[in-house]
Structures are given as structure tokens and as C-alpha cells.
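J.: Model the structure of this input:
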Amino acid sequence: MAMKRAAVSAVRAFTSSGNPAPSVLARGLHASPGSKKIVGVFYNANEYASMNPNFVGCVENALGIRDWLETQGHEYIVTADKDGPHSELEKHMSDLHVLISTPFHPAYVTAERIKKAKNLQLLLTAGIGSDHIDLKAAAAAGLTVAEVTGSNVVSVAEDELMRILILVRNFLPGHHQVINGEWNVAAIAHRAYDLEGKTVGTVGAGRIGRLLLQRLKPFNCNLLYHDRLKMDAELESQIGATYEEDLDAMLPKCDIIVINTPLTEKTKGMFDKERIAKLKKGVLIVNNARGAIMDTQAVVDACSSGHIAGYSGDVWYPQPAPKDHPWRYMPNQAMTPHISGTTIDAQLRYAAGVKDMLECYFKGEDFPEQNYIVKDGELASQYR
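T.: Numbers count the residues shown, from 1 in each chain. Model (predicted):
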């Protein structure tokens, strides 16, 4: 069983460093062989929950798996209350077996919470991106972490393309004019451009980055990408993108930069004041990856000075973003809540993926290999 192997591997790693094994070993032995306690953390939909029968990614509709779980004798608790020592999630950490969360309303699973969760075996992300979990602590504790790889990559790539066009065409000021009863073409047109001929660089060219580049090809842009891995030559040729091994050499060439790299210890704060200063003046940035990849205040300052002519994205840190988050109020921004990967189509895909993995878990079977983020005490390569 995958869970058992993860615990055993963690024991070996832990004991080889000279530490005692009992606390880690106990983690794998506490779970009962039958009924499991599963907790899901999703966003509240309130009055919108009943407006679409396929709106499954919210608290009220609980991924559409409640009946399936409960008829098998499992306990399924769903909440949006996730933060702080008195939250609903915190009440259940001590005896849950499985925790499901989403990037759109993430349950931050810290080392402290992992230590408290004596029965916890499995952490599932309904979607992609598991940086809300302390992955090293999860690996050391013998936990399995998995996500529904590929479930919302199309959704995010389409959203990125939309945001690029919104920024390039200076769309939002025109929309605001209509709402405010104004009509001033010059106030929009003086900084509206065509996308054709612009240099677009993606920082990261995994599943989402590649899909974005494919969608940009018909716009006749100059396409660049930086990634730890170079694409297959045939795919690179089909897309028409050029590989840039040196990130800092690529960035100043770009009229538009799109962030498509996971949040790791290496990428946290990657775009700080110094790196942003080296970008082309008037650059446009789209970030649907993770908010913490950017230095928050550095982005505010660059948008205020005009060095960044437009910044758009749906990711913040923390999430939900507090009302006083400075990105809400900085100029030249087209921000939204974290919505790009939670379209109805994406929800149906990641709900089905969660159900499939839970079924494997109950049967003691492995997940699809690409879904693992932590397995047998090892982190997936993108998080190392």
C-alpha cells in the first residue's frame, strides 16, 4: 500500500540521520483499517451553489462525492473555515485521515499542523499546486501528497491569454469609462497596442506554459521560454518558441512576462526589487502561478512608477487576500480573486480526479505517477 511504503521510507530516512523512529512509525499505524475521516476545505458558494448543478468545487456541493463516501461508511466533513487555532479545520486535525484542499481556498498545512495530525495519511489537492503544504514536513512524517495533475491546465492557460490581451489593449480603463458614464478614447488609446510582434516570455514551460505558448503562436509574437528542462526539439519547432537558459538574459527582452513556475524555496520572492528593475520599462506581467513568487511591495512600487505598465493575475499571498492587500489599490493592475483554474469544466475534472485517487487509496492501490507530489518520503522534482 502506498501509504505504508511512505511511512516505512520516512522511518528509514529519519533513523539514518540519528533520530529515533517511534514518532514517525506511529503515524502509519494509527489509522483504522476501515472507516476513514476525510476533511475537505473549499470556498463557500452561498446563493450561487444551487445555480449550476456542475458547480461542485464549493463547500455546499463538496466535489459531488459526499453520498459516495458516506454510503461506504466514511465520515466526510467540509468547511471553508481553515485559518487559526479556533478554526473548524483545526478542530479535526487531530483525528482526520485525509485532507482535501484547493489552491483557490488553500488550507495551509504547516509542520505544526502535521505534527498535530496523528492519524493523517493523505493530503490531496483538488487542482494543481501543493505549495500550501509544508512538503518537507509531509515527507518527513511519511505522508503522501498528491494533486490532480493536468485537471485545470487548459483553464489557466486560457485565462493567461485573456489577461495578456486585457493588458496589451488597455481594456480595463475603457470598461471603467462605460460604467462611470464617461467617453474619452484618447485616455485609452494612448497606451493600447497590438499583441502581434511583441516579445512574450514565459518563466516556466510545463503543462500550462506550453499550452499558453501554443495559443500565442497564431498572434505572431516572438515567443521565449525559460525552464529547467528544454522542450523536445520537434515540439519547440511546432510551437515556434526559443529556449532561454539564462533567466536574467531573457527577461529584459520581453514586452510581456508570464509566470508559470511553481512556488518553491527557490522561486519564493524571485521577482524582487532588483530583478524588476532590470526588466524593460513598460513591461506587462501576468502571474497566475503563485503570489509569493513576487515581492509584494516591489510590484506595487514598479506599478506606481510605471516601470511595470500593467500587472494582472489571480494569485495572492495569503489567500483569501486581506482587504488591505496593496495589490488591490495599486495602479495599472487587472487583478481578480483566484479563479483561473476553477471554471466549471475544471471543477468537474479535479472532482473526478479526487474521487479516483480516493478510490485507489481505499483499495491500497497506487495513484497515477504524475499525480504524486510527495511519495515514499521524496518530493516531486519540481519542488526539490
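J.: Helices of the stretch 151-300 of the chain, start to end?
T.: Listed in chain order, the helices of the stretch 151-300 of the chain (DSSP state H, counting those that start in this stretch) span 153-168, 171-179, 185-189, 207-216, 233-239, 247-250, 273-277, 296-305.
J.: Dump the C-alpha coordinates for stretch 76-83 into CSV.
T.: Provided in CSV are the C-alpha atoms of stretch 76-83 (Å, rounded to 0.1, in the frame of the first residue of the first chain):
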residue,chain,number,x,y,z
TYR,A,76,-16.9,13.5,5.3
ILE,A,77,-16.6,17.0,6.9
VAL,A,78,-16.5,20.0,4.6
THR,A,79,-15.7,23.6,5.7
ALA,A,80,-14.4,26.9,4.5
ASP,A,81,-13.1,27.8,8.0
LYS,A,82,-9.4,27.0,7.7
ASP,A,83,-7.2,29.6,9.4
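J.: could the helices of the stretch 151-300 of the chain go into CSV alongside mean pLDDT?
T.: Listed next are those as CSV, based on pLDDT from 0 to 100:
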stretch, mean pLDDT
helix 153-168, 98
helix 171-179, 97
helix 185-189, 98
helix 207-216, 98
helix 233-239, 96
helix 247-250, 98
helix 273-277, 98
helix 296-305, 98
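J.: Assess the claim that residue 202 and residue 224 are in contact.
T.: Yes: judged on C-beta atoms under 8 Å, residue 202 makes contact with residue 224 at a distance of 7.5 Å. For the C-beta atoms, the positions are set from N, CA and C on the backbone; glycine is no exception.
J.: Compare the two and say which is more crowded by neighbours.
T.: Neighbour totals were compared for residue 202 and residue 224, and residue 202 leads with 29 against 22 (other C-beta atoms under 10 Å).
J.: In terms of pLDDT, where does the more buried one sit?
T.: Looking at residue 202, its pLDDT stands at 98.
J.: And for the one 4 residues further on?
T.: In this model, residue 206 is scored at 95, pLDDT.
J.: And for it, nearest residue in space, chain neighbours not counted?
T.: Of all residues beyond its chain neighbours, the one nearest residue 206 is residue 260 (6.7 Å), with distances taken as C-beta to C-beta, 6 or more residues apart in numbering.
J.: ok, the one you found - contacts?
T.: Under the criterion of C-beta atoms under 8 Å, 6 or more residues apart in numbering, the neighbours of residue 260 are 160, 202-206, 208-209, 212, 288-289.
J.: just the buried members of these?
T.: 160, 202-206, 208-209, 212, 288-289 (16 or more other C-beta atoms under 10 Å).
J.: quick one: which two of the contacts of residue 260 are the most distant?
T.: Spanning the widest gap among these are 205 and 288, at 14.3 Å by C-beta to C-beta.
J.: Correct me if wrong: residue 216 contacts residue 158.
T.: No: counting by C-beta under 8 Å, residue 216 does not reach residue 158; the two are 11.6 Å apart.
J.: higher neighbour count, those two?
T.: Comparing residue 216 with residue 158 by other C-beta under 10 Å, the one with more neighbours is residue 216, at 25 against 15.
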